[in-house]
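Engineer: Fold the following and give me the result.
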Amino acid sequence: MPEQLRPQRRSRRVAMAPDEVDAYLAEQRTCRVATTSEQGPHVTALWFVWHDRAVWLYSITDSQRWVDLNRDPRVAVLVDSGHDYLELRGVEITGTAEVVGEVPRTGADQPELAEPEALFARKYFDLDAMPYDGRHAWLKVTPNKIASWDFRKMRG
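Structural biologist: Numbering: from 1, shown residues only. Here you go, the predicted model:
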């Protein structure tokens, strides 16, 4: 993680505190991942876990996202929710993606992946251990900026 995250400048009144960001990202299931392809912006929805102040993505290794991030590791990740205006909440993370572990992931011992894989297996598969399919590998997104909003804070 960078020495210090760039501070959020706008909308501080509705910004989430770090513990609120942690709780929100732990409960949400889907993020949008924005990369830059040779043709321009590319956005996909993906499952994720938030661990140790980083976004962990279990990505298909022959996806456009994987190609993009291997060419240019800069990435934006958006997680948002809410229907009515005063329910809107979200977190936008900009940072750098790096491959962690084997490609594709087959389950070889990788201590850095133990906790993200346990979280992912429980969150999405209701399992204690991660299932491997020989098509996915891990990307760790280290934030350089986190912007958040919780419009519920605007209620009188």
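
Engineer: pLDDT below threshold where in the protein?
Structural biologist: 1-10, 156 (pLDDT under 70).

Engineer: Counting residues, which strand of it comes out longest?
Structural biologist: strand 136-150 (DSSP state E).

Engineer: my guess is residue 21 contacts residue 150, does it?
Structural biologist: No: counting by C-beta atoms under 8 Å, residue 21 sits too far from residue 150 to count as a contact (9.6 Å). Every residue, glycine included, has its C-beta placed from N, CA and C.

Engineer: what about the strands in this structure?
Structural biologist: Secondary structure of the chain, counting by DSSP E: strands at 30-37, 40-51, 54-60, 74-81, 89-100, 136-150.

Engineer: Dump the ones you listed into a markdown table; add distance to residue 130 and mean neighbour count as well.
Structural biologist: Formatted as a markdown table, the strands of the chain follow (distance: least, C-beta to C-beta, whole Å; neighbours: other C-beta atoms under 10 Å):
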| stretch | distance to residue 130 | mean neighbour count |
| --- | --- | --- |
| strand 30-37 | 19 | 18 |
| strand 40-51 | 11 | 16 |
| strand 54-60 | 8 | 22 |
| strand 74-81 | 21 | 18 |
| strand 89-100 | 13 | 19 |
| strand 136-150 | 10 | 21 |
